[in-house]
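Undergrad: sequence and predicted structure below; questions after.
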Amino acid sequence: MRAIVKAISCDEFNLNVYEPENSSCFCLNLRIRIGLAESPGADDFELCICTPEWLGQAVWEPRWGRHLLIVREYSLPSIEGYISNYVAQCDGQDWNGIAVKLARMFAWEFEDYQP
């Protein structure tokens, strides 16, 4: 089984028209819908995208970097490609095995879920 990106969106901005004021100093939270290629369903994952310059200006205290992608400048096609390439590498015997691999980079909506 293999995962694919089904949609990428942002709750704060319309990605089809969004351009940061400074393409080398921004932070953006993305919602990524990822599911199996052979299934119509998908789970939500989140990822924070930012630049080193933004980190230098906005973060003063020590901070963990999980679920974070650092890029030099804003380029939605490059960001989408980087995300899709990682997702394409995540395969497994079942969805849970794949989702655990995805959750290494993306915040999974069901991470730590206990039924």
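TA: Sure thing, it's come through. Model, not experiment: these values are computed from the prediction. Numbers count the residues shown, from 1 in each chain.
Undergrad: any idea what residue 108 is bridged to?
TA: Per DSSP bridges, the residues bridged to residue 108 are residue 45.
Undergrad: can I assume it is in contact with residue 42?
TA: No: with contact defined as CB atoms under 8 Å, residue 108 and residue 42 do not form a contacting pair (11.6 Å). Heads up, the C-betas are built off the backbone N, CA and C, glycines and all.
Undergrad: who's more crowded, the two?
TA: Neighbours were counted for residue 108 and for residue 42 using other CB atoms under 10 Å; residue 108 has more, 20 against 16.
Undergrad: now do the SS call for residue 3.
TA: Residue 3 falls in the strand class when you classify it by DSSP: H, G, I helix; E, B strand; the rest coil.
Undergrad: residue 28 too?
TA: Quick answer, by three-state DSSP: residue 28 is strand.
Undergrad: so residue 83 touches residue 32, yeah?
TA: Yes: with contact defined as CB under 8 Å, residue 83 reaches residue 32; the gap is 6.3 Å.
Undergrad: looking at the protein, which helix is longest?
TA: When the chain is parsed with DSSP state H, its longest helix is helix 76-88.
Undergrad: what's that one packed up against?
TA: Under the contact criterion of 3 or more CB pairs under 8 Å, 6 or more residues apart in numbering; DSSP states H and E, helix 76-88 touches strand 3-9, strand 27-36, strand 68-70.
Undergrad: okay, buried residues for it please.
TA: 76, 79, 83, 86, 87 (16 or more other CB atoms under 10 Å).
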